[in-house]
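**Q** sequence plus the predicted model coming up.
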Amino acid sequence: MTICKRSGLARISGFSLLEVLLSLALASVILLAASQLLQALMQRAHWWQLLSQMVVTRQSVEKSFALLAAQVCQSGLIMGASNHWRWHLQPAGSCELYDVRLRADKQQLQKRRLGGRYTSFIDSISALRVSYGVSGQGDCVVRQWLPEVSDQLAQQTVLLRLQFAVGVPGQPPVYGLPVGWHFDNANDLAMLWQTSELVVGLPCTVVTDTKQDGLAL
Amino acid sequence: MLRTRAQGFSLLEVNIAMAVLALGLGSMMATYLSVGYRVQYGYQQQQAQLVIQQMVAVLPVYAEQLAWLQTQSAQPPLADNAHCWRGQVCDKRQMLLAWWVYWQAYLAQHLPDGHCLLACQGPCLSGGSLQLQVRWHGGSYISAACDGWHCLTLDWPL
């Protein structure tokens, strides 16, 4: 700002109204763009945080399953249904019967020693679907996948295929979810779910003197 | 004579300040993107691991058929054999092929250009070595280890 003296009159020359308005408009545009950018960055950062959380949760679920599967003993499976099964486990010393089931309302996988009480060993799990890989003629090779197995077929079950969803609390990003993810807002708890899958090998002894069936290659 | 001198920043000073500001913002964005790519890469690696873990559980069951699978996998398209998942009795080769097609479909769906390769070091028989590799394309921020592809490899004695 400058002060001019002309003919004894002092005149202050500053910014005109137009200049001020233009400057304000420009500042608004810059602020708006910056806030949009910041919002996008924050959303992306939030999504990355959820993604990391899901990776860790999924790993811990898989680890828990793997630890349990490592304790399977004797003939392994005794009975199998769509979301619960009974098998032999050896957590400490002796081989005992254990039940494993999905408690859908609590989103927990629970286990119990036969006759005991169920306790949770995996949380944030849902939509469990178990398939049983049954071998044909005692050669420990899966020929058939069944949704449930009776006592007899359970003895011939070689692989357990577990398909399930792992969840973390959170909101979906505005730009959509990746393949295999879904959002569930039931029970006033916003959860993001990702489908996952595990294959567990069960103890199997090849019966050498069994006659091979026509499908054997 | 009164000499007036403008009290302000010179053009050079303003340019230097702008350059410093741009560098600062640029490095912040680079760090941000780098973190993002690493998170994304970690997620992709986990998807690949999921398939590798299944392979490790399933393939020993069909160890005798791996040599056959290797020749088949080099000649797509492969038969779907989806009926093998629906309770029907399938022979070893049909079942192994059903798994292989399932893994390929899973990888193609969950990873950019995702697919898996099977290679035997020597004969695909007991005593030999089997190499399983899951490959996919990712961001260029993280260097790709396998001929321009991101990969997860498992060498496995037969």
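**A** Yep, it's here.

**Q** wait, A:Q156 sits on A:Y132?
**A** No - with contact defined as CB atoms under 8 Å, A:Q156 and A:Y132 do not form a contacting pair (9.2 Å). Just so you know, the C-beta spots here come from the backbone N, C-alpha and C atoms, and that holds for glycine as well.

**Q** what ranges does the chain have for its helices?
**A** All of this is about chain A. Secondary structure of chain A by DSSP state H: the helices cover A:17-69, A:151-155.

**Q** oops, I was thinking of chain B
**A** The residue ranges that make up the helices of chain B, judged by DSSP H, are B:11-58, B:66-73, B:92-110.

**Q** tell me which other helices or strands the last one touches.
**A** Right, helix B:92-110. With contacts defined as 3 or more CB pairs under 8 Å, 6 or more residues apart in numbering or on different chains; DSSP states H and E, the secondary structure elements packing on helix B:92-110 are strand A:142-146, helix B:11-58, helix B:66-73, strand B:115-121.

**Q** among these, which comes closest to A:E62?
**A** helix B:11-58 (7.5 Å; CB to CB).

**Q** now for that closest one, which elements pack on it?
**A** In this structure, helix B:11-58 packs against helix A:17-69, strand A:191-201, helix B:92-110, strand B:129-136, strand B:150-157, with contacts taken as 3+ CB pairs under 8 Å, 6+ apart.

**Q** flag the shaky bits of chain B, pLDDT-wise.
**A** When the per-residue scores of chain B are filtered using pLDDT under 70, the ranges that remain are B:1-7, B:76-77, B:140.

**Q** what residue lies at the spatial centre of it?
**A** Among the residues of chain B, the one closest to the centroid is B:W136, at 3.6 Å (CA atoms, centre = their mean).

**Q** my understanding was that it contacts B:Y106; is that so?
**A** No - B:W136 is beyond contact range of B:Y106, at 11.8 Å (criterion: CB under 8 Å).

**Q** and stretch A:77-84, how far out from the chain's middle?
**A** Relative to the centre of its chain, stretch A:77-84 is centred 22 Å away, using CA atoms, centre = their mean, to the nearest Å.

**Q** please list the outside residues in contact with that stretch.
**A** Counting contacts by CB atoms under 8 Å, 6 or more residues apart in numbering or on different chains, the residues outside stretch A:77-84 that touch it are A:85-88, A:97, A:99-102, A:104, A:128-130, A:132, A:147-151, A:154-155, A:157, A:160, A:202.

**Q** not counting residues beside it along the chain, what's closest to the residue nearest to the centre of chain B?
**A** The spatial neighbour of B:W136 that comes closest, neighbours along the chain excluded (CB to CB, 6 or more residues apart in numbering or on different chains), is B:L111 at 3.7 Å.

**Q** same check on B:C124?
**A** With CB to CB, 6+ apart as the measure, B:A67 is the residue that lies nearest to B:C124, at 3.4 Å, once sequence neighbours are left out.

**Q** what does chain A put close to chain B?
**A** Listed as neighbours of chain B in chain A under the rule CB under 8 Å from any CB of the partner chain: A:41, A:44-45, A:48, A:51-52, A:54-55, A:58-59, A:62, A:131, A:136, A:140-147, A:158-159, A:178-180, A:196-201, A:215-217.

**Q** what do you get if the cut-off is 7 Å, keeping everything else the same?
**A** A:41, A:44, A:48, A:51-52, A:55, A:58, A:140-146, A:158-159, A:179-180, A:196-197, A:199-201, A:215, A:217 (CB under 7 Å from any CB of the partner chain).

**Q** residue closest to the middle of chain A?
**A** Ranked by distance to the mean C-alpha position of chain A (CA atoms, centre = their mean), the top residue is A:V166 at 2.6 Å.

**Q** list the beta-bridge partners for that one.
**A** Beta-bridge pairing for A:V166 (DSSP bridges): A:I125, A:Q194.

**Q** correct me, but it touches A:S124?
**A** Yes - between A:V166 and A:S124 there is a contact at 6.1 Å, judged by CB atoms under 7 Å.
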